[in-house]
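> Kindly generate the corresponding structure for this input.
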Amino acid sequence: MDEKDVKILLVEDEESVASFVKTELEFEDYQVVWAEDGKKALDLFTQEKPTLILLDWMLPVYDGMTVLRRIRKQSDVPIIMLTAKNSASDISSALDQGLDDYLTKPFEIEELLARIRVVLRRLEKMRQQNDVPDTSLEFGPLK
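Purely as a prediction, here's the structure:
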């Protein structure tokens, strides 16, 4: 999957963190759209159809877990949580509710980029498996 074809929805209310992550992702040739709260995240998710979502937990309007649950009702888009919440119970709860990965703040940008690549590789493999043509043969009622 070419980075230029990847659109990432970055959901982060801290402008300094969002600006840094957005700049680094764009340097890697990803398209990035930014939402500073949970409501805008849901709106942009519907409008932009992102390939992947980077989601903070503690957000204004709707928190990250609410955003996660609402998106999971309609999509399996990969979601990586970026948050300061680092307890084992928070992490396991979030993963059990459908997250693809979880990274605690503060984080190294190299690790975030690596985790994005891993999730995108997995997504690409799934897409390729779903694109396998039907090679069955039919002869009358026999298949």
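
> quick one: low-confidence parts of this protein?
1-3, 131-143 (pLDDT under 70).

> Helices of that one, residue ranges please.
With DSSP state H as the criterion, the chain has helices at 15-27, 38-48, 64-72, 88-96, 109-130.

> Please identify the deepest-packed of those helices.
helix 64-72 (a mean of 19; mean count of other Cβ atoms under 10 Å). Glycine gets a C-beta too; all of them are placed from N, C-alpha and C.

> Now render the helices of the chain as a markdown table, adding distance to M58.
Listed next are the helices of the chain as a markdown table, based on distance: least, Cβ to Cβ, whole Å:
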| stretch | distance to M58 |
| --- | --- |
| helix 15-27 | 12 |
| helix 38-48 | 10 |
| helix 64-72 | 7 |
| helix 88-96 | 11 |
| helix 109-130 | 18 |
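
> between those helices, which gets nearest to D5?
Shortest distance between D5 and the helices of the chain, using Cβ to Cβ, is found for helix 109-130: 10.0 Å.

> Give me the contact list for the closest one.
Residues from elsewhere that reach helix 109-130 (Cβ atoms under 8 Å, 6 or more residues apart in numbering): 1, 6, 8, 20-21, 24-25, 28, 30, 51-52, 54, 78, 80, 82, 100-101, 103.

> May I see the PyMOL selection of the buried members of the residues you listed?
Selecting only the buried entries of the contacts of helix 109-130 in PyMOL, with 16 or more other Cβ atoms under 10 Å as the criterion:
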select buried, resi 6+8+21+25+30+51+52+54+78+80+82+100+101+103
